[in-house]
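Chemist: here is my input; please provide its structure:
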Amino acid sequence: MSVNMKNPPNSLPRTWYIKDNKNERSLLACIIALGTNMSLGRMGEISDIDYRELKTTYENFFRLETLKGSNDLIVNATAKLSIFRHYDIESDVMHSSSDGQRFETHRNTVNARHASKYFGLKKGISALTLVSNHVPINAKVIGTHEHESYFVFDLLYNNTTDIDPDRHSVDTHGTNQVNFWILYAFGYQFAPRYKNFPMKTESIIGFGNPGSYDDEFIIRPVRKVKEELIVDQWPDIQHIMASLGQKETTQSSIVRKLSSYARQNKTKKALWELDNIIRSIYMLDYIDDRSLRQYVAKALNRGEAYHRLKKAIAHINGGRLNVKTENEQHIIHECTRLIANAIIYFNADLLSRLLEHGDSNGLFEMGKLGKISPVAWQHINFYGRFEFDDITTTFNFDEFIRSVDLEAVFNEKGQGEEGRMEI
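Modeler: So this is what the prediction gives:
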């Protein structure tokens with residue numbers, strides 16, 4: 001519905017469009033079409049909405065900023081559910097992880113690159129996702145040639161949801177020579193999992209000379225910390241941290257600029273030294289604390305579980321992207337994340353209701369519910385013809401309780417971080 005901008009009615013906002021039921025059904029159809037990697041033309045063929053209406057809706061309403069805002073709304077709603085904090089890996093610690101997922105591209109775009117390990121002779125991109133308590137709270141599309149570690153801080157610091165992680169884990173691809181220090185400076189604990197951990201322990205440093213440590217120590221530092229270098233370069237380091245904190249620059253820009261410096265640049269060496277200090281402390285904790293090792297593995301497994309859900313959603317065309325621009329890639333992946341967040345919210349809401357409902361047989365105890373991952377999709381059908389005329393049907397929880405075999409929800413297949421809700 002259009003609005004007369006010369007004489008708009010007082011009760012309506014000054015906007016070109018009013019969201020009505022027609023807009024809502026078209027928006028949902030576009031989100032599903034893009035999120036499942038289906039074209040708008042194909043959605044027009046297998047749904048009750050014409051392609052021209054879908055194209056108009058896409059051109060008028062779909063912006064990256066609004067899609068991110070929509071994801072934030074669902075994420076914040078999920079965080080308010082009663083079961084959400086029961087997914088904490090460690091009590092009162094919000095543990096997140098990030099990792100990249102590769103997607104082949106049909107067309108050449110600015111950020112599409114060759115990577116024979118993932119695409120053979122074809123090109124593709126990498127989609128980074130920040131996951132906390134099973135929920136994808138932020139995401140970014142990068143080129144396959146770009147190192148994932150350049151964007152770890154940006155994903156965390158530019159997260160606009162109510163979920164604020166305390167500890168963050170990555171695999172080896174998410175580590176570099178400054179991430180320990182940068183995350184520490186902004187209140188995060190960086191907790192990576194290294195592919196070749198024994199080799200990394202050979203670079204542990206300390207504040208004393210190596211010879212001053214008794215032979216009874218199994219692990220001893222290889223050298224002493226260069227304290228004078230850090231003190232000398234501290235003003236420049238503060239300027240870099242202030243630029244990151246005020247969002248005047250990004251972590252990827254800082255890392256690239258540091259990489260362009262000569263190897264003997266004092267500021268770069270001082271940052272590396274600070275990073276070595278924090279990394280050495282973490283590695284000693286990682287060796288000594290079995291629980292920490294388990295927490296890190298569990299956080300990374302949750303990220304892998306989300307990748308499987310995302311792959312199941314964006315299944316059409318084998319997950320290969322067929323868009324012309326980098327911005328369209330971002331929009332498609334935000335739509336996929338939006339669908340995933342909706343599924344995770346539905347599952348988490350259902351589990352929260354089960355938790356609050358209670359029963360005489362003890363099926364809804366938190367010890368059992370907490371073992372069921374909300375990243376589940378066996379009860380979701382991604383195939384078939386889509387009908388959007390009737391979208392007013394709501395889920396009836398009481399009817400669900402009466403109709404489903406609750407014992408099956410808690411069987412062995414339904415338990416564990418990698419499990420599926422048997423519904």
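Chemist: for the spatially most central residue of the chain, give me phi and psi.
Modeler: By C-alpha atoms, centre = their mean, the chain has its centre lying nearest to Leu130, at 2.2 Å. Per-residue torsions, Leu130: phi -100, psi 120 (degrees, to the nearest 10).
Chemist: residues contacting it?
Modeler: Taking C-beta atoms under 8 Å, 6 or more residues apart in numbering, we find Leu130 in contact with Ser96, Ser97, Ser98, Pro136, Ile137, Asn138, Ala139, Leu155, Leu156, Asn159, Pro165. (C-beta placed from N, C-alpha, C; glycine too.)
Chemist: how close does it sit to Arg220?
Modeler: Computed as C-beta to C-beta, to the nearest Å, the Leu130 to Arg220 distance reads 36 Å.
Chemist: now Lys123
Modeler: 47 Å.
Chemist: so which of those two has more stuff around it?
Modeler: It is Lys123, of Lys123 and Arg220, that has more neighbours when counted by other C-beta atoms under 10 Å, with 20 against 15.
Chemist: what residues are up against the more buried one?
Modeler: Contacts of Lys123 by C-beta under 8 Å, 6+ apart are Glu104, Thr105, Asn108, Ala112, Arg113, His114, Ala115, Thr144.
Chemist: same check on Leu155?
Modeler: Contacts of Leu155 by C-beta under 8 Å, 6+ apart are Ser98, Leu128, Leu130, Asn138, Ala139, Lys140.
Chemist: same check on Lys268?
Modeler: Leu258, Tyr261.
Chemist: host element of it?
Modeler: Element membership of Lys268 [criterion: DSSP states H and E] is helix 266-288.
Chemist: same question, Pro136
Modeler: strand 135-143.
Chemist: name the helices or strands packed onto that strand?
Modeler: For strand 135-143, the elements it packs on are helix 64-79, strand 123-132, helix 152-157, helix 326-357, judged by 3 or more C-beta pairs under 8 Å, 6 or more residues apart in numbering; DSSP states H and E.
Chemist: tell me the most buried of those?
Modeler: strand 123-132 (a mean of 25; mean count of other C-beta atoms under 10 Å).
Chemist: what pairs with that one, parallel or antiparallel?
Modeler: strand 95-105 (antiparallel), strand 113-114 (antiparallel), strand 135-143 (antiparallel) (DSSP bridges).
Chemist: tabulate the CA atom coordinates of it in PDB.
Modeler: Taking Å, rounded to 0.1, in the frame of the first residue of the first chain, the C-alpha atoms of strand 123-132 are listed here in PDB:
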ATOM      1  CA  LYS A 123      36.100 -20.800  -6.600                       C
ATOM      2  CA  GLY A 124      34.300 -20.100  -3.400                       C
ATOM      3  CA  ILE A 125      34.000 -18.000  -0.200                       C
ATOM      4  CA  SER A 126      34.100 -18.600   3.600                       C
ATOM      5  CA  ALA A 127      31.200 -17.800   5.900                       C
ATOM      6  CA  LEU A 128      32.300 -17.100   9.500                       C
ATOM      7  CA  THR A 129      29.800 -17.600  12.300                       C
ATOM      8  CA  LEU A 130      30.000 -16.700  16.000                       C
ATOM      9  CA  VAL A 131      28.000 -19.300  18.000                       C
ATOM     10  CA  SER A 132      27.300 -19.100  21.700                       C
END
